[in-house]
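Undergrad: got a predicted structure here, sequence first:
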Amino acid sequence: MKWATLISFVILISAHFGKSDTNRLCEHFTEVKEEGFKAFVLVALSQNLHESGYEELVLLTREITTAAGACCGENPSADCSKNEAELFQSAICASNEIVNKNNLEDCCAKTGDERHQCFMERKKSIPRHKEVKKTYSAKEKCEAFKDNRLAYTGAFIYRFSRMHIMMQPRIIIDFAKRIGDLAEECCAQEENLDTCFYEKGRPVRNYLAGVTAQSHSLCAISKKYGERVIKAKKVAQYSQKLPQATPEEIGDITQKITSSVFTCCSGDSVKCMKERKQIIEDVCARDDIVSRTKHLAECCKLSIVEKGHCIEHMEPDEKPADLSEKVESYIKDADVCDKFAAGKDLFIGGFLYEYARRHPELSNQMLLRIAKGYEDELTKCCVTENPPECYGKADEKLHAAVQDNLSHFQKICALVSTQGKAAYEKLMVIRYTSIMPTASFEGIRTITYRMGGIMQECCAKDQSKLMPCAEEKLSDLLDETCAENDPATINKNVEACCNDFYSHRRLCFLDMKPDTESAPPEFSADAFPITEALCTMSDADSLTASINMVIRYTSIMPTASFEGIRTITYRMGGIMQECCAKDQSKLMSCAEEKLSDLLDETCAENDPATINKNVEACCNDFYSHRRLCILNMKPDTESAPPEFSAESFPITEALCTMSDKDSLTASVKLLYEVVRLKPTVTMEQIKTLTDGFNALKAKCCADENKQQCFETERAAFINTSKGLLTA
């Protein structure tokens, strides 16, 4: 398939939508060829006929394509003057089976614009199809791809369109192209197919997830916050991209783009593409703007297929040489309050334009917060005795907010760089489980996995692009999450953040405290299923199971102490090793018994009163309640911890010659000292320290000069540990 031709179809059909040509279908069919026409038809049918299967839609696609192709014959019918939407709907309504299956009787009883509006309204009510993906091996993918590329990408279009009913066809077709290109690249090699699909597929998966979240976010924002926020967001974006443009020019461009957002989010794909194409043509026809730009001028030289994508993703141009560093007139002029009172929205919009064109290194959300902060400052200052003195300090406050935001992302990047993406993901697992303890494991894992991917991608960029990349993508993810779930069913804190100002949502989630009011699920065997499946898990599945266990445990006690976590997690390995050797019928009783024995030994061999009053209370509780009491224990923040000492960590070359038993004892000693130093230590901190300890041991025990290696690495490990535990 000629994919450039295919994509051009979704643009070209809109160019002629309003024309009175007598044979528009033939013209379109000729321009895009048969396969291009089929692709667009398949997207449209898949989004509208959610009760129809893939094979059924393929047959209908062929029928519609044949009808369109016949318009290029010697005797075209009167139907050839129809636009694409009319053609699709007529073909659908001609099949009683499809009409009945998809409950389209009411729509098909109408004609013309009424029928079209009926289809559009019905499309909005179609529930998103959350299809469970079947996993195919790389070999199976390549067999299907080599057998028929069109069928391979067509199946993707069908599945993805059903899952994203309101998404623009141009996006889905772009995705299909990337999926096809990935298969073409990987299937051309003989070996390492799985590795290729995984490694080469990572940027493709990230791109799909990012663009999908961006698309969903934009529509969610337009629905929840309306035109004012969308317009402000677009003003910020294009003021950065086109710093040479005047405020009037930016206002004209962004007003048209804002209008198209609402059209495209309505699900009317043909009208959406018509408006988008018109905007592109209008912008590129403005020689007065294009001649003053670099990237826009380059985009406007491209074909109609490439222009839109280029403009949407173009980098900011260089700032004009005569542009001042600060927005002087907004912080020094004496008549600021008069201008503000004369028209708040217009004045703040001008400030946003001026600030954004000076700061391409800031995210849209940061720019909107700055505009809101400046508006709040003026609201406060303009009623004081000396307004200029008051609002003259606004720039310092806004700069401080920028530095705080940038520092936040830099710290995350430092974590990802030193400890890896997984460390950040696990930290977010605990963080988001503590603020949303009733959320599902699958939901938390999906969000945190995507957050890890976003930060890994954005941290690899230049510092000047870190904030725009990270905050944009993380905000898109939160917007998508708030839109696809009912926040009120999670808890009032999440509901409040999802209803906060658009630009403040992410900060609201960052500031959210652990939810200690929601009724958590009862702790039971189902919380962490102890079955024979644990005995045969792969390393990857075992890690996922461990994360699941941490999530379940944290959901019961968002501020859980290490004692409870250690009891369940760090002894689980030894318990399961023993119990896995038993029959399946005895597995559950074995594990439960061993866990209870562990608590009994702890209570019997120590004086609980010397530990703390919480441990004492649990050890004196009913025998059958002991374990649950420990699980519900709060962190001990009253006992005075010991001073941090390097001697707390016995890290020497003796570790290399220890028996398994002594090595285990040393590891337990390390954990013991960690808990003494910081009773409120988190699972993430423990994992970080133990991973670092194990890596140090493996490195130095393999070194020829073990003693020197341990002395060098030990100092670094102690400093890292001290910083982590005293933070």
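TA: Arrived safely.
Undergrad: now do the helices in the stretch 1-150 of the chain.
TA: For the stretch 1-150 of the chain, the helices defined by DSSP state H, counting those that start in this stretch cover 3-15, 24-48, 54-70, 84-93, 96-101, 105-108, 112-125, 138-147, 149-163.
Undergrad: buried residues in the longest one, which are they?
TA: Spelled out, that is helix 24-48. Buried residues in helix 24-48, counted by 16 or more other CB atoms under 10 Å: 24-29, 31-32, 35-48. In short, each C-beta sits where N, CA and C put it, glycine included.
Undergrad: what angle do it and helix 149-163 make?
TA: On the basis of axes from the mean of the first three to the mean of the last three CA atoms, to 10 degrees, helix 24-48 is oriented at 60 degrees to helix 149-163.
Undergrad: now Pro388: how far from Lys301?
TA: Distance from Pro388 to Lys301, counting by CB to CB, to the nearest Å: 47 Å.
Undergrad: looking at those two, which is more packed in?
TA: Between Pro388 and Lys301, counted using other CB atoms under 10 Å, the more crowded position is Pro388 (15 against 12).
Undergrad: in what helix or strand does the more buried one lie?
TA: helix 387-391 (DSSP states H and E).
Undergrad: what helices or strands is the strand or helix carrying Phe409 leaning on?
TA: Secondary structure assignment for Phe409, by DSSP H and E: helix 394-419. Counting contacts by 3 or more CB pairs under 8 Å, 6 or more residues apart in numbering; DSSP states H and E, helix 394-419 packs against helix 364-381, helix 421-435, helix 441-459, helix 463-484.
Undergrad: so which of these gets nearest Asn694?
TA: Of all the helices and strands packed on helix 394-419, helix 421-435 sits nearest to Asn694, with 13.9 Å by CB to CB.
Undergrad: got the angle between the closest one and helix 441-459?
TA: Using the same axes, to 10 degrees, helix 421-435 lies at 130 degrees relative to helix 441-459.
Undergrad: the helix or strand where Cys709 lies: which residues count as buried?
TA: Using DSSP H and E, Cys709 maps to helix 706-726. Within helix 706-726, the residues scored as buried using 16+ other CB under 10 Å are 706, 709-710, 713-714, 717-718, 721, 724-725.
Undergrad: now distance to Tyr374 and pLDDT too, for those residues, in JSON lines please.
TA: As requested, those are exported to JSON lines (distance: CB to CB, whole Å; pLDDT from 0 to 100):
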{"residue": "Lys706", "distance to Tyr374": "60", "pLDDT": "80"}
{"residue": "Cys709", "distance to Tyr374": "55", "pLDDT": "82"}
{"residue": "Phe710", "distance to Tyr374": "55", "pLDDT": "78"}
{"residue": "Glu713", "distance to Tyr374": "50", "pLDDT": "78"}
{"residue": "Arg714", "distance to Tyr374": "51", "pLDDT": "74"}
{"residue": "Phe717", "distance to Tyr374": "46", "pLDDT": "74"}
{"residue": "Ile718", "distance to Tyr374": "46", "pLDDT": "71"}
{"residue": "Ser721", "distance to Tyr374": "43", "pLDDT": "70"}
{"residue": "Leu724", "distance to Tyr374": "38", "pLDDT": "64"}
{"residue": "Leu725", "distance to Tyr374": "41", "pLDDT": "59"}
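Undergrad: so Ile253 versus Ala702, what's the distance?
TA: Distance, Ile253 to Ala702, by CB to CB: 61 Å.
Undergrad: higher neighbour count, those two?
TA: Per other CB under 10 Å, whichever of Ile253 and Ala702 has more neighbours is Ile253, with 22 against 10.
Undergrad: what about the helix or strand encompassing the more buried one, distance to the chain center?
TA: Secondary structure from DSSP H and E places Ile253 in helix 247-265. For helix 247-265, the separation from the chain centroid amounts to 25 Å (computed by CA atoms, centre = their mean, to the nearest Å).
Undergrad: returning to what we had before: got the buried residues for the helix holding Phe409?
TA: Using 16+ other CB under 10 Å as the test for burial, helix 394-419 gives 394-395, 398, 402, 405-406, 408-409, 412-413, 415-416, 419.
Undergrad: ok, now stretch 422-441?
TA: Neighbour counts over stretch 422-441 (16+ other CB under 10 Å) mark 423-437, 439, 441 as buried.
Undergrad: cool, and stretch 440-448?
TA: By neighbour count on 16+ other CB under 10 Å, the buried set for stretch 440-448 is 441, 444-445, 447-448.
Undergrad: that stretch - what's its average pLDDT?
TA: Mean pLDDT, stretch 440-448: 80.
Undergrad: again, but for stretch 111-121
TA: What stretch 111-121 shows for mean pLDDT is 92.
Undergrad: buried stuff in it?
TA: For stretch 111-121, by 16+ other CB under 10 Å, it's 115-116, 118-120.
Undergrad: what do you get for stretch 477-489?
TA: If you call a residue buried by 16+ other CB under 10 Å, then stretch 477-489 has these buried ones: 477-483, 487.
Undergrad: okay if I get those residues as TSV plus pLDDT and distance to Ser518?
TA: Shown next, in TSV, are the buried residues of stretch 477-489 (pLDDT from 0 to 100; distance: CB to CB, whole Å):
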residue	pLDDT	distance to Ser518
Leu477	91	22
Leu478	91	20
Asp479	91	23
Glu480	88	23
Thr481	88	17
Cys482	89	18
Ala483	87	21
Pro487	87	13
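Undergrad: I'd like the residues you listed as JSON lines, with distance to Glu306 appended.
TA: Shown next, in JSON lines, are those (distance: CB to CB, whole Å):
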{"residue": "Leu477", "distance to Glu306": "28"}
{"residue": "Leu478", "distance to Glu306": "31"}
{"residue": "Asp479", "distance to Glu306": "28"}
{"residue": "Glu480", "distance to Glu306": "27"}
{"residue": "Thr481", "distance to Glu306": "32"}
{"residue": "Cys482", "distance to Glu306": "34"}
{"residue": "Ala483", "distance to Glu306": "31"}
{"residue": "Pro487", "distance to Glu306": "39"}
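Undergrad: between the buried residues of helix 706-726, which sits nearest Ile348?
TA: So of these, ranked by how close each gets to Ile348 (CB to CB), first place is Leu724, at 43.0 Å.
Undergrad: quick one, which of the helices and strands packed on helix 394-419 is nearest to Lys101?
TA: Nearest to Lys101 among the helices and strands packed on helix 394-419 is helix 463-484; the distance by CB to CB comes to 26.6 Å.
Undergrad: what lies in contact with the helix holding Pro388?
TA: 331-334, 336-337, 377-378, 380-382, 384 (CB atoms under 8 Å, 6 or more residues apart in numbering).
Undergrad: give the other helices and strands that the helix or strand harbouring Asp174 contacts.
TA: Element membership of Asp174, judged by DSSP H and E, is helix 169-187. Counting contacts by 3+ CB pairs under 8 Å, 6+ apart, helix 169-187 is packed against helix 3-15, helix 24-48, helix 138-147, helix 149-163, helix 193-199, helix 201-225, helix 269-284.
Undergrad: dump the last one to PDB, keeping only the CA atoms.
TA: Included here for helix 269-284 are C-alpha records, laid out as PDB according to Å, rounded to 0.1, in the frame of the first residue of the first chain:
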ATOM      1  CA  SER A 269     -14.600  13.100  10.800                       C
ATOM      2  CA  VAL A 270     -15.300  14.600   7.400                       C
ATOM      3  CA  LYS A 271     -16.200  18.000   8.700                       C
ATOM      4  CA  CYS A 272     -13.200  17.900  11.000                       C
ATOM      5  CA  MET A 273     -10.800  17.200   8.200                       C
ATOM      6  CA  LYS A 274     -12.400  19.900   6.000                       C
ATOM      7  CA  GLU A 275     -11.800  22.500   8.700                       C
ATOM      8  CA  ARG A 276      -8.200  21.300   9.400                       C
ATOM      9  CA  LYS A 277      -7.300  21.500   5.800                       C
ATOM     10  CA  GLN A 278      -8.800  25.000   5.500                       C
ATOM     11  CA  ILE A 279      -6.800  26.200   8.500                       C
ATOM     12  CA  ILE A 280      -3.600  24.800   6.900                       C
ATOM     13  CA  GLU A 281      -4.300  26.500   3.600                       C
ATOM     14  CA  ASP A 282      -5.200  29.800   5.300                       C
ATOM     15  CA  VAL A 283      -2.000  29.800   7.400                       C
ATOM     16  CA  CYS A 284       0.300  28.900   4.600                       C
END
